[in-house]
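Undergrad: I need the structure of the sequence given here:
(one chain, ligands or ions: 1)
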Amino acid sequence: RFGIGVLGLGISIPKNVLTNSDLEKMVDTSDEWIMKRTGISERRILDKDQPAFELGAEAAKMAIKDSGLTPEDIDLIIVATETPDYLTPSTSCIIHKLIGANKAAAFDLNAACSGFMYGLTVAKQFLENGFNGYKNILVIGCEGLSKIVDYSDRASCILFGDGAGAMVVGKVEEGYGILSSYMGADGSLGNNITMPCCSINESDLSVREHENKNVLWMNGSEVFKFAVRVMEQSTRWVLDDKNISLDDVSLIVPHQANIRIIEGAAKRLNVPNEKVYSNLNKYGNTSSASIPIALYEAIQDGLVKKGDNIVMVGFGGGLTWGSVLLKW
Ligand code: ACO
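TA: Numbering: from 1, shown residues only. Sure thing, here's the model as predicted:
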């Protein structure tokens, strides 16, 4: 008997910093408004010609090294992304080549900002079921949101940044690792965040208050209300599943979208803000990469020790949501 848990972690963040004062020069906004409404002071942005998969490959190499394994030990690569550089080859196949994971299968999944929760849940199933003898799965959240953000739309361009986080998942001691996980979706709310792609149906896009079809559009206030609701619900779901109380949770690591969403959910859960990790002031919303980057930094900050119960919880486009309860 065994658990399925974290063997290694890695992150990669671009070097270019886009500050609130930079944005003040691009759109009608202010550092004060952005800080007060979102908690974000800066984000990291890829070079114009730099693909997001480079970040994913860097994070992957770091996670494999951290796990003490080699790329050839990886059986499957799952990349969660809503900003693939190519529709084909998938980002996972590009990273497969770049890191030399010659024995691995590879696929992408898209559950927007919930993608890493979905990816971990899928990885856990493969490993528990013993599919084809798989032992080690690399899950990566990899995003180049600056490629699809409209830098003339002040309501959305202030929110997003680029980044990648990677995790090697495999067998750990029984009773440790992923204790429970949960995924949800409501496609009927999908029109609240849209990024058109290959086939554009004009009537489907009628709710987009935006003429440019090549950029991300979002109904911020609807997403805000949804996010607070599902963050509370998803956190409670995995805890109830294992009969663990919120008092026995050391840290909640949420998707980093907006400090007011995080604090709103903390209030509904009746937990102090200190119990909910946040680093979004530095990176903004990096979609599927935000939770692994936050977990990595929480560990660096000394906030995670062996035996701690940690809840990771995400929400985003689709609309989707998901959570993972982890015993470290
Ligand atoms: N600077 C100054 N004023 C602004 C800015 C800005 N950057 N952006 C909007 N405003 C204005 C609006 O135009 C509006 O003005 P009005 O009252 O004259 O019409 C006013 O500020 C209030 O706008 P709201 O949209 O009500 O502001 P709100 O407090 O809701 O904040 C925000 C907007 C930050 C977008 C918030 O709704 C939010 O964070 N939503 C969630 C977004 C999110 O987390 N998405 C995650 C999923 S994304 C994915 O999966 C890719």
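Undergrad: So which residues of this protein form helices?
TA: 20-24, 31-38, 53-67, 91-99, 115-129, 154-157, 220-241, 259-269, 280-283, 290-300 (DSSP state H).
Undergrad: quick one: low-confidence parts of the stretch 151-300 of the chain?
TA: Residues of the stretch 151-300 of the chain meeting the criterion pLDDT under 70: 202-206, 209-210.
Undergrad: which bits of it sit near the ligand?
TA: 154-155, 158, 193, 218, 220-221, 223-224, 227, 257-258, 261, 285, 287 (Cβ under 6 Å from any ligand atom). Every C-beta, even on glycine, is put in place using the N, C-alpha and C of the backbone.
Undergrad: if we can go back for a sec, would you reformat the helices of the chain as TSV and include distance to Val172 and mean neighbour count?
TA: Shown next, in TSV, are these (distance: least, Cβ to Cβ, whole Å; neighbours: other Cβ atoms under 10 Å):
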stretch	distance to Val172	mean neighbour count
helix 20-24	41	16
helix 31-38	36	16
helix 53-67	11	24
helix 91-99	23	23
helix 115-129	10	23
helix 154-157	39	18
helix 220-241	18	19
helix 259-269	27	19
helix 280-283	28	21
helix 290-300	15	23
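Undergrad: Make a markdown table out of the ones you listed and add distance to Met183.
TA: Shown next, in a markdown table, are these (distance: least, Cβ to Cβ, whole Å):
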| stretch | distance to Met183 |
| --- | --- |
| helix 20-24 | 34 |
| helix 31-38 | 26 |
| helix 53-67 | 22 |
| helix 91-99 | 19 |
| helix 115-129 | 6 |
| helix 154-157 | 25 |
| helix 220-241 | 9 |
| helix 259-269 | 18 |
| helix 280-283 | 23 |
| helix 290-300 | 14 |
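Undergrad: looking at those helices, which is closest to Gly141?
TA: Across the helices of the chain, Gly141 has its closest neighbour in helix 115-129 (4.2 Å, Cβ to Cβ).
Undergrad: Only alpha carbons, please: show the closest one as PDB.
TA: What follows is helix 115-129 as a C-alpha-only set of coordinates in PDB (Å, rounded to 0.1, in the frame of the first residue of the first chain):
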ATOM      1  CA  GLY A 115      -5.800  23.200 -15.000                       C
ATOM      2  CA  PHE A 116      -3.200  22.200 -12.400                       C
ATOM      3  CA  MET A 117      -5.900  20.800 -10.100                       C
ATOM      4  CA  TYR A 118      -7.300  18.800 -13.000                       C
ATOM      5  CA  GLY A 119      -3.800  17.700 -14.000                       C
ATOM      6  CA  LEU A 120      -2.900  16.400 -10.500                       C
ATOM      7  CA  THR A 121      -6.200  14.600 -10.300                       C
ATOM      8  CA  VAL A 122      -5.700  12.800 -13.700                       C
ATOM      9  CA  ALA A 123      -2.100  11.900 -12.700                       C
ATOM     10  CA  LYS A 124      -3.300  10.400  -9.400                       C
ATOM     11  CA  GLN A 125      -5.800   8.200 -11.300                       C
ATOM     12  CA  PHE A 126      -3.100   6.800 -13.600                       C
ATOM     13  CA  LEU A 127      -0.700   6.000 -10.800                       C
ATOM     14  CA  GLU A 128      -3.300   4.500  -8.500                       C
ATOM     15  CA  ASN A 129      -4.800   2.300 -11.300                       C
END
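Undergrad: does any part of it sit near the ligand?
TA: No: contact of helix 115-129 with the ligand (Cβ under 6 Å from any ligand atom) is absent, the minimum separation being 9.1 Å.
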